[in-house]
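# Pasting a predicted model and its sequence here:
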Amino acid sequence: MDKILRKKNAIIGLFLVFISLGGGLAAQRFFARESAKNYDLEMVRAADPILANEVKKSGPLILVNFWASWCPPCIEETPSMLKYAKTHADQIQLYMVSEDSSAKEIRDFVKAFNDVYSVNLRVIWDADRKIGQNFKVYKMPETFLFNREGKLLRQFSGSMDWSEPELHKIISAHFQN
């Protein structure tokens, strides 16, 4: 009985540690990276797109989103990200960099979203994972916000609700720069 109680307390303790760490991680969802010079935005810009769509003149900001069609948080995030990019099409160029195994998976995923055709968008297949390695992507989705000159302004880690007012405030602060 004592052994069962110790195991139960250990599990509860681990759970509490997990929750406390999660709270700290949640606060880190929007952060600026100091090592912006390590990211090669030109590698993204030069990649051959599976889908390229320009509905308006590209604006002052660039979003680079790493995702995969098999990633539940990516699936959750995509509709609000596309809606946000559509609403701000004159201010944002969106690069969606897929870590999928095939171009067919990417095309099938993208077809599911009507907003994709009204967004300044390039969908790129990172077949050899070199772009993801360059950006040090270790989980998905992962999104990077750059200005037109390629300076990293912010990194967004995990699935975002792109209709969230706090996120709008962070990004819109860079519209004038």
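Structure received. Numbers count the residues shown, from 1 in each chain.

# quick one: the closest residue to residue 175 other than its chain neighbours and residue 129, what's the gap?
Nearest non-adjacent residue to residue 175, counting by Cβ to Cβ, 6 or more residues apart in numbering: residue 91, 5.4 Å away. Where C-beta positions appear, they are placed from N, C-alpha and C, glycine not excepted. Applying Cβ to Cβ, to the nearest Å, the value for residue 91 to residue 129 is 30 Å.

# more crowded one of those two?
Set residue 91 next to residue 129 and count neighbours by other Cβ atoms under 10 Å: residue 91 wins out with 18 against 10.

# Surely the more buried one is in contact with residue 61?
Yes: applying Cβ atoms under 8 Å as the test, residue 91 and residue 61 come out as touching, 5.9 Å apart.

# which residues are in contact with both of those two?
Jointly contacting residue 91 and residue 61 under the rule Cβ atoms under 8 Å, 6 or more residues apart in numbering are residue 175.

# for the most centrally placed residue in the chain, helix, strand, or coil?
When Cα atoms, centre = their mean is applied to the chain, the residue found nearest the centroid is residue 143 (2.8 Å). Secondary structure assignment for residue 143 (DSSP: H, G, I helix; E, B strand; the rest coil): strand.

# re the thing from before, show the contacting residues for the residue nearest to residue 175.
Per Cβ under 8 Å, 6+ apart, neighbours of residue 91: 59, 60, 61, 175.

# My guess is the third one contacts residue 172. True?
Same thing as residue 61. No: Residue 61 lies out of contact with residue 172 (Cβ under 8 Å); the separation is 9.6 Å.

# and this structure, what are its domains?
What automatic domain parsing lists as the domains of the chain is 1-29, 32-172.

# Which stretches in this structure count as helices?
Using DSSP state H, the helices found in the chain span residues 2-27, 41-46, 72-87, 103-111, 130-134, 165-172.

# Touching, residue 68 and residue 96? I think so.
No: Residue 68 is beyond contact range of residue 96, at 10.5 Å (criterion: Cβ under 8 Å).
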